[in-house]
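[1] any chance you can model this:
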Amino acid sequence: MGVANDERRELCDLFDRVGPDAPTLCGEWKTKDLAVHLVLRERRPDALAGKFVKALAERGDKVEQGLREQPWPELIATVREGAPKWNPLAIGAVDETVNTAEFFVHHEDVRRAQPGWQPRPSEPEREEALWKSLSRVAKVFYGRSPVGVVLRRPDGTEIAAKRGPRTVRISGEPSELLLHAFSRRQVRVDIDGNEADVLAVEDLRRSF
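    Residues are numbered from 1 along each chain as shown. The predicted structure follows:
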């Protein structure tokens with residue numbers, strides 16, 4: 001049914017195994033915090049807006065607290081079920097476009113917060129889907145870079161994420177490059193360029 005659906009299923013299976021209090025790569029968030037975020041994003045965007053619109057904050061807090069009080073298996077089941085029919089994310093093509101990166105990154109946020117993590121074996125279908133996702137966000141995420149940034153996959157295909165007077169080249173599997181674009185540090189990439197330029201790219205706040 002697509003990479004987004006696969007990543008959602010595998011993340012929920014991992015939630016089942018590690019429990020609600022496991023660490024993630026999302027700052028201080030535990031797995032329950034991440035699961036609540038995913039439910040709010042797909043089912044209660046009005047409540048999620050409370051984090052950005054003061055007038056909606058109280059309502060958003062109540063909805064979020066209600067989700068936190070749900071039994072962990074019930075919360076996982078809601079994440080697993082996906083977006084409701086009224087949400088465009090319930091449409092397969094939209095889900096694949098929007099959620100492939102979202103669920104892959106958050107799946108890895110839980111995986112790579114565990115001791116002894118290793119990258120998953122490369123799967124061509126997943127890598128192609130993640131390369132497409134990366135091509136859509138690269139120029140936004142690296143847009144603040146003071147130097148040029150080129151993302152290179154093993155077959156030599158490149159994305160010019162930012163043009164500049166000098167260039168930092170980041171090489172790796174599309175999955176690893178996507179995680180780097182999302183500011184994750186636990187990645188397997190090679191970075192080539194002037195030392196100061198590399199540091200500037202690494203310290204860049206990469207987000208929408």
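[2] ranking helices and strands of the chain by mean pLDDT, which lands last?
    Within the chain, confidence by mean pLDDT, DSSP states H and E is lowest for helix 45-48 among all helices and strands, at a mean of 72.
[3] now the residue nearest the centre of the chain: closest residue in space, sequence neighbours ignored.
    Nearest to the geometric centre of the chain sits residue 105, at 3.1 Å (C-alpha atoms, centre = their mean). Excluding its sequence neighbours, the residue lying closest to residue 105 (C-beta to C-beta, 6 or more residues apart in numbering) is residue 182, at 5.1 Å. All C-beta atoms are positioned from the backbone trio N, CA, C, and that covers glycine.
[4] cool, residue 131 as well?
    In space, and not counting its chain neighbours, residue 131 is closest to residue 174: 3.9 Å by C-beta to C-beta, 6+ apart.
[5] tell me the confidence at the one you found?
    Residue 174 carries a pLDDT value of 98.
[6] the nearest residue to residue 20 once chain neighbours are set aside and residue 123, how far apart?
    Sequence neighbours aside, residue 32 is the residue nearest to residue 20 in space, at 3.9 Å (criterion: C-beta to C-beta, 6+ apart). Applying C-beta to C-beta, to the nearest Å, the value for residue 32 to residue 123 is 29 Å.
[7] show me which of these two is the more surrounded one.
    Comparing residue 32 with residue 123 by other C-beta atoms under 10 Å, the one with more neighbours is residue 32, at 20 against 13.
[8] toward the C-terminus, what is the element adjacent to the least confident helix or strand of the chain?
    Next helix or strand after helix 45-48 toward the C-terminus (DSSP states H and E): helix 57-68.
[9] mind giving me the packing neighbours of that next one?
    Packing partners of helix 57-68 (3 or more C-beta pairs under 8 Å, 6 or more residues apart in numbering; DSSP states H and E): helix 31-43, helix 45-48.
[10] if we go to 6 Å?
    Judged by 3 or more C-beta pairs under 6 Å, 6 or more residues apart in numbering; DSSP states H and E, the packing partners of helix 57-68 are helix 31-43.
[11] residues contacting the helix it packs on, please?
    Around helix 31-43, the neighbours that count as contacts under C-beta atoms under 6 Å, 6 or more residues apart in numbering are 15, 20, 22, 24, 26, 47-48, 67-68, 75, 78-79, 83, 89.
[12] again, 8 Å this time
    15, 18-24, 26, 29, 47-48, 63-64, 67-68, 72, 75-76, 78-79, 82-84, 87, 89, 102, 106, 109-110 (C-beta atoms under 8 Å, 6 or more residues apart in numbering).
[13] and that helix, C-alpha only, in CSV?
    Only the C-alpha atoms of helix 31-43 are listed here, as CSV (Å, rounded to 0.1, in the frame of the first residue of the first chain):
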residue,chain,number,x,y,z
THR,A,31,7.2,7.8,22.6
LYS,A,32,3.8,8.8,24.1
ASP,A,33,4.5,12.5,23.2
LEU,A,34,5.3,11.4,19.7
ALA,A,35,2.2,9.3,19.4
VAL,A,36,0.0,12.2,20.7
HIS,A,37,1.6,14.5,18.1
LEU,A,38,0.8,12.1,15.3
VAL,A,39,-2.8,11.8,16.3
LEU,A,40,-3.2,15.6,16.7
ARG,A,41,-1.7,16.1,13.3
GLU,A,42,-4.1,13.8,11.5
ARG,A,43,-7.2,14.0,13.6
